[in-house]
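**Q** When you get a sec, could you give me coordinates for this:
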Amino acid sequence: MKSRFLDKLIDRLDRLDSDAVQTQFLHLAREKGLLETIFQAIQEGIVVVGSGASIRYANRTAESLFGFKLDDAEGQPIARYIRDIDWEKVLNLDEDEWEKLVRREIEVSYPDHRFVEFYVVPLSAVEQGEQGAVVIFRDVTRDRAS
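**A** The predicted structure is shown next:
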C-alpha cells in the first residue's frame, strides 16, 4: 500500500540532508507503530490481500480466527486458510458489484467451529490504482447462539 507521503518523500530524497531523512523515517516508524497497535487491539480480524489474493497483512484476531501465523501466511493465497469463498471472484468485482457485497457469513471449522461475518473493502476505494482488498471478519458465533 503506497502512500502519497512516501511517494513525495522518495521523489525528494536526494534533496534532503541526512538529518531530515532520519526525521522522516522516524516519523514513518512511529506512524506504523501506532497503526500496528490499533490493528492489534481491534476485536475484528483484519486481512489485507494483494494481487493474486495473496495475504499481505493480518492482525492477531484474524490469525486466531483462522489458525495461521502471519509469518507463515504472508504471500500465500488467502484461500489456503479461508476456504469456501471464491476469492478470485470477490476480488475482481466491478464497482457496482462491490455495493452488493455488503456482508456475508461463513462457517469455519478450523481451528474452532465458528460463524464469521465478513465484508470486503477494495484498496482502490482507499488508494487510486491499488490492487487488492481489506477483509474484515467478525466472530458472530455467540450472536447465533442467542
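**Q** where does the spatially most central residue of the chain land in three-state SS?
**A** For the chain, V48 is the residue whose C-alpha lies nearest the centre (CA atoms, centre = their mean; 2.0 Å). Classification of V48 by DSSP: H, G, I helix; E, B strand; the rest coil places it in strand.
**Q** Run through the residues that contact it.
**A** Shown in contact with V48 (CB atoms under 8 Å, 6 or more residues apart in numbering): 1, 55-58, 123, 132-135. Every residue, glycine included, has its C-beta placed from N, CA and C.
**Q** Can you tell me which of those is closest to D84?
**A** D84 has its nearest neighbour among the contacts of V48 in V135, at 13.6 Å by CB to CB.
**Q** Helices of this structure, start to end?
**A** Remark: helices assigned in the chain by DSSP state H are 4-12, 18-41, 60-66, 70-73, 87-91, 95-100, 141-145.
**Q** Please convert the buried members of the contacts of V48 into ChimeraX selection syntax.
**A** Here is the ChimeraX command that selects the buried residues among the contacts of V48 (16 or more other CB atoms under 10 Å):
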select :55,56,57,58,123,132,133,134,135
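**Q** ok, of the contacts of V48, which one's closest to K8?
**A** The shortest approach to K8 among those belongs to M1, at 15.4 Å (CB to CB).
**Q** Please flag which of the contacts of V48 sit within strands.
**A** 55-58, 133-135 (DSSP state E).
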